[in-house]
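Novice: Fold the following, please.
(one chain, ligands or ions: 1)
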Amino acid sequence: MTPLNRLSDYLLEKQAQGLYRQRELLAGPQGVRVNITGREYLSFCSNDYLGLANDPDLIAALKQGADQFGVGAGAAHLISGHTQLHQELEQALAAHVGRSRALLFSTGYMANLGLLTSLAQKGDLVLQDKLNHASLIDGGLYAAAQFKRYRHADMSHLASCLNTSNVANKFIVTDGIFSMDGDIAPLPEIMRLAREYNAVVIVDDAHGLGVLGETGGGVCQQFNLMADDAPIIMGTLGKAFGVSGAFVAGSETLIEYLIQTARTYIYTTAMPACLAAASLCSLQKIQTEAWRRTHLQSLIQQFRDGCAALELSLMESHTPIQPLVLGDEGRALQWSQVLKEQGILVKAIRPPTVAKGTARLRITLSATHTADDVNRLLNALGELR
Ligand SMILES: Cc1ncc(COP(=O)(O)O)c(C=O)c1O
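Specialist: This next block holds a predicted model:
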């Protein structure tokens, strides 16, 4: 017997429990219509909220970036991988979210891991919403600080965690929009508690950036939270931006500190410069093409009204993430399978990604869906019900 023998047992067990995870094999680009093994599906399961992942202008920008800067960055940022395009993107992102500086990371997972392990030191306290993304939870677990999770969006629980702690340096860490529930964090209340207990707030705006706020500045723009309230924002470039990568935005001192200390920044190859070129193009569209956000909002309302008429109860979300909780993982898988047979792609999200008994269809809307697309989904859900 070796430790590898237990792998097949694990796989068999997951299959028996209906918890086995499998990948779809796309034969073309991301979008609201995807090709899987030669069949076209109407998709409601990407995070490409603004429909930019296959935008012709982004593709052209990426090609031009590759012509000028090649494909691979070839080195870490601190060696020779940091180009003018990275620098330009950092400045543009910082301005977009209204903070002094920004620092690029290759993925959001790495940004969160690097940020938390650098900032939260031994003797500090990190308080996180229970439904925060896995990358924040992992950052909290790997950091040397004491780590506690408060009940989801429960401000009295957060207050009591703060109140019962005698630690001097405290961080409150929250998703802006929760990735599997779609609700928005109660940021004004969190900020009030942070001020009262002298804690620093870190907001992961992976799903809000580009989608919320008048110019797509994200959840902090929507709530009008300036640097005094929300000094540290993490954003991703792989969701509404339609590209890949991430950034942390904050003060000059914060960014210089992260450059010196964040291991997931220092010890990895820089994101390809051509992705920075595509991200710059995306940012310009996010700022100038407000119709994407307006249309998205009307689709969200249409979908919610349609579900209400069908007596399908959705979670309390007014963002592009519209989860339909079905409870049992077998039921969620079955609904997903029936929809797929009808040419509609919606993935079942099961434990451990969500709590046991809350398996769901995570339906996501994109600015490139049409009202007819949403009606087609509603009709299919109506029949399933
Ligand atoms: C809230 C949140 N934070 C961070 C991440 C990680 O970002 P990335 O996909 O760029 O690694 C994700 C999703 O992947 C997320 O949903």
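Novice: going forward, measure contacts and count neighbours with C-alpha atoms only.
Specialist: Fine.
Novice: quick one, strands of the stretch 1-150 of the chain?
Specialist: 33-36, 39-43, 101-105, 125-129, 146-150 (DSSP state E, counting those that start in this stretch).
Novice: Output those strands as a markdown table; include the columns distance to the ligand, mean neighbour count and mean pLDDT.
Specialist: Output for the strands of the stretch 1-150 of the chain, formatted as a markdown table (distance: least, Cα to the nearest ligand atom, whole Å; neighbours: other Cα atoms under 10 Å; pLDDT from 0 to 100):
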| stretch | distance to the ligand | mean neighbour count | mean pLDDT |
| --- | --- | --- | --- |
| strand 33-36 | 20 | 18 | 98 |
| strand 39-43 | 18 | 19 | 98 |
| strand 101-105 | 9 | 26 | 98 |
| strand 125-129 | 11 | 24 | 98 |
| strand 146-150 | 16 | 18 | 98 |
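Novice: you'd agree Ala361 is in a strand?
Specialist: Let me fix one detail, which is that residue 361 is Leu and not Ala. Yes: under DSSP: H, G, I helix; E, B strand; the rest coil, Leu361 falls within a strand.
Novice: Could you pull up the contacting residues of it?
Specialist: Applying Cα atoms under 8 Å, 6 or more residues apart in numbering to Leu361 gives the contacts Pro323, Leu324, Val325, Leu326, Ala332, Ser336, Val346, Lys347, Ala348, Ile349.
Novice: Can you list which of these are found in strands?
Specialist: Using DSSP state E, the members of the contacts of Leu361 that fall within strands are Pro323, Leu324, Val325, Leu326, Ala348, Ile349.
Novice: Same list, those residues, but as CSV with pLDDT please.
Specialist: Formatted as CSV, the ones in strands among the contacts of Leu361 follow (pLDDT from 0 to 100):
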residue, pLDDT
Pro323, 97
Leu324, 97
Val325, 96
Leu326, 95
Ala348, 94
Ile349, 95
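Novice: Just give the nearest non-adjacent residue to the residue of the chain found nearest the ligand, would you?
Specialist: Here the chain gets closest to the ligand at one residue, Gly108, 3.3 Å apart by Cα to the nearest ligand atom. Nearest residue to Gly108 in three dimensions, chain neighbours excluded: Ala246, at 4.9 Å (Cα to Cα, 6 or more residues apart in numbering).
Novice: pLDDT at that neighbour, what is it?
Specialist: In this model, Ala246 is scored at 98, pLDDT.
Novice: so it makes contact with Lys239?
Specialist: No: the pair Ala246 / Lys239 is not scored as a contact, 9.8 Å apart, by Cα atoms under 8 Å.
Novice: Arg350: what's it in contact with?
Specialist: Leu19, Glu329, Ala332, Lys356, Thr358, Ala359, Arg360.
Novice: now with 7 Å?
Specialist: Leu19, Glu329, Ala359, Arg360 (Cα atoms under 7 Å, 6 or more residues apart in numbering).
Novice: Gln221 too?
Specialist: Neighbours of Gln221 in contact, by Cα under 7 Å, 6+ apart: Gly213.
Novice: How is it assigned, secondary-structure-wise?
Specialist: Gln221, by the three-state scheme (three-state DSSP), is helix.
Novice: what do you get for Ala249?
Specialist: strand.
Novice: partners of it in the sheet?
Specialist: Ala102, Ile233 (DSSP bridges).
Novice: so it makes contact with Gly98?
Specialist: No: if you go by Cα atoms under 7 Å, Ala249 and Gly98 don't touch, sitting 8.7 Å apart.
Novice: What about Glu24, how many residues nearby?
Specialist: 10 (other Cα atoms under 10 Å).
Novice: just Ser156 next, same as before
Specialist: Ser156: 12 neighbours (other Cα under 10 Å).
Novice: Return the distance of whatever helix or strand it lives in from the chain's centre.
Specialist: Here Ser156, judged by DSSP states H and E, is contained in helix 155-163. Taking Cα atoms, centre = their mean, to the nearest Å, one finds the center of helix 155-163 at 25 Å from the center of the full chain.
Novice: For that helix, give me every contacting residue.
Specialist: Taking Cα under 7 Å, 6+ apart as the rule, helix 155-163 contacts Tyr150, Arg151, Leu193, Tyr197.
Novice: are any of the residues you listed buried, and which?
Specialist: Tyr150, Leu193, Tyr197 (16 or more other Cα atoms under 10 Å).
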